[in-house]
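# need coordinates for the following:
(one chain, ligands or ions: 1)
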Amino acid sequence: MNSDIVLYTGRLTKRFKNVIAVEDLDLSVSRGDIFGFLGPNGAGKSTTIRMLLGLIRPTDGEIRLFNRSLENNRKDLLGRIGALVEKPSFYNYLSARRNLEIFATLTNRRPDPRDIDRVLDIVALLHRADDKVKTYSHGMKQRLGVAQALLGNPELIILDEPTAGLDPKGIKEIRRLIIELAQQGLTVFLSSHILHEVEQMCRNMAIINKGRLVVHGGVKELLNSDSDIFSVKVDRPGEAADLLKTREWVESVEALSGAITVKIKEQQVPVMTELLVQSGFHIFAIQPQRSLENYFLSLLGADNV
Ligand code: ADP
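As a prediction, the model looks like this:
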């Protein structure tokens, strides 16, 4: 296996009684990458992350970190990972520095003042290091959470929805921080439901739905497929969608209220227009929808979710 693959899962599966939360999940994340892990609520993202962090055991399949099996090398491998999972909780009446010292102790690391200064500097909180956390904004607390994940100099950090609940300024700061971290050689595994975020930050991504992998690959390559999604404003969208479904050049089509979204190659747009007009439909507008959101919807739509 390629030694630059820092995180690998093979047929990873987790069953809870009769719920299959994650099924046959194959992922690989390269060193230095910002990897986007996308999926709607209940898709299995948290369950996957909990398995990656050794918090729950897989029912089946394999996890390899830095080319070694997690099962047989837990302590060593988990020591090379940092994580920000859910909302980080801090002692509000203590300073950021004191919080990091306590966290280091709790995770069996001797608090190293230089390491604490280093991580606070990375997240631009060194000047506030001795202020009580209760005086921090939500964005600053989230950055402190990233600082906590960076303690001990991990090679890989796993961030679960790191921008959730932040205002636009906070979101921008976290995104810039993540990009800087990757530029310094850190590998970032980022779960997000904000598809735009993945489009902006990640080089590679995986989308999961109902515990199963939907796509895995380069964000640019996946988005640059020669098929595009178009929103077609049309009367009788349900009937128009039914008609288009019968054509083999239509990859997917979905009726919404007042419009359809259709996935076709650009050169088929005149063919589609002619077909609809000749069949008595009125077209009011055709708009290309080249965003990850729509790409994601089209994937799920094609899957009939
Ligand atoms: P996501 O993080 O993508 O929202 P989760 O991993 O939390 O998804 O959940 C995936 C599925 O597994 C859901 O159907 C959820 O209800 C189920 N699930 C998660 N944890 C448990 C558990 N401890 N016991 C039973 N079912 C669970």
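
# just for the stretch 201-305 of the chain, where's the confidence low?
Low-confidence segments of the stretch 201-305 of the chain, defined by pLDDT under 70: 224-227, 290-305.

# all the helices of it, in order from the start?
219-223, 237-245, 269-278, 292-302 (DSSP state H, counting those that start in this stretch).

# check which residues of the second one are buried.
Residues of helix 237-245 classed as buried: Pro237, Ala240, Ala241, Leu243, Leu244 (neighbour count, 16 or more other C-beta atoms under 10 Å). Just so you know, the C-beta spots here come from the backbone N, C-alpha and C atoms, and that holds for glycine as well.

# what do you get for the third one?
For helix 269-278, the buried set under the neighbour-count rule, 16+ other C-beta under 10 Å, comprises Val269, Met272, Leu275, Leu276.

# show me what contacts the third one?
Which is Leu275. Leu243, Leu244, Arg247 (C-beta atoms under 8 Å, 6 or more residues apart in numbering).

# phi, psi for the closest residue to the ligand within the stretch 101-250 of the chain please.
Nearest residue of the stretch 101-250 of the chain to the ligand, counting by C-beta to the nearest ligand atom: Gly211, 6.5 Å away. Main-chain dihedrals, Gly211, degrees, to the nearest 10: phi 80, psi -10.

# and it, how many neighbours does it have?
Per other C-beta atoms under 10 Å, the neighbour tally for Gly211 reads 23.

# so it makes contact with Leu12?
No - taking contacts as C-beta atoms under 8 Å, Gly211 lies outside contact range of Leu12: 9.8 Å.

# identify the contacts common to these two.
Contact criterion C-beta under 8 Å, 6+ apart; residues shared by Gly211 and Leu12: Val22, Leu25.

# contact residues of the stretch 1-150 of the chain facing the ligand?
Phe16, Val19, Ala21, Gly39, Asn41, Gly42, Ala43, Gly44, Lys45, Ser46, Thr47 (C-beta under 6 Å from any ligand atom).

# how close does the fifth one sit to Glu161?
This means Asn41. 11 Å (C-beta to C-beta, to the nearest Å).

# of these two, which one has the most company?
Neighbour tally, Asn41 and Glu161, criterion other C-beta under 10 Å: the higher count belongs to Glu161, 18 against 7.

# check contacts around the more buried one.
Contacts of Glu161 (C-beta under 8 Å, 6+ apart): Ser191, Ser192, His193.

# go again using 10 Å as the cut-off
Going by C-beta atoms under 10 Å, 6 or more residues apart in numbering, Glu161 touches Lys45, Ser46, Leu84, Val85, Glu86, Lys87, Leu190, Ser191, Ser192, His193, Ile194, Glu197.

# which of the residues you listed has the most neighbours?
Most surrounded of the contacts of Glu161: other C-beta under 10 Å gives Leu190, at 26 neighbours.

# could you check the pLDDT of the nearest residue to that one once chain neighbours are set aside?
The spatially closest residue to Leu190, leaving aside those adjacent along the chain, is Leu159, at 5.0 Å (C-beta to C-beta, 6 or more residues apart in numbering). We note a pLDDT of 94 for Leu159 in this prediction.

# surely Leu159 and Phe189 touch.
Yes - applying C-beta atoms under 10 Å, one finds Leu159 in contact with Phe189, separated by 7.1 Å.

# now the common contact residues for the two.
In contact with both Leu159 and Phe189: Ile34, Phe37, Ile49, Ala83, using C-beta under 10 Å, 6+ apart.

# centre of the chain versus stretch 223-240, how much separation?
Computed by C-alpha atoms, centre = their mean, to the nearest Å, the separation of stretch 223-240 from the middle of its chain amounts to 26 Å.

# now swap in stretch 131-150 and tell me
The answer for stretch 131-150 is 22 Å, by C-alpha atoms, centre = their mean.

# for the chain, which segments are assigned as strands?
5-16, 19-30, 34-38, 60-65, 68-69, 81-84, 156-160, 187-192, 204-209, 212-218, 227-234, 252-255, 259-265, 283-288 (DSSP state E).
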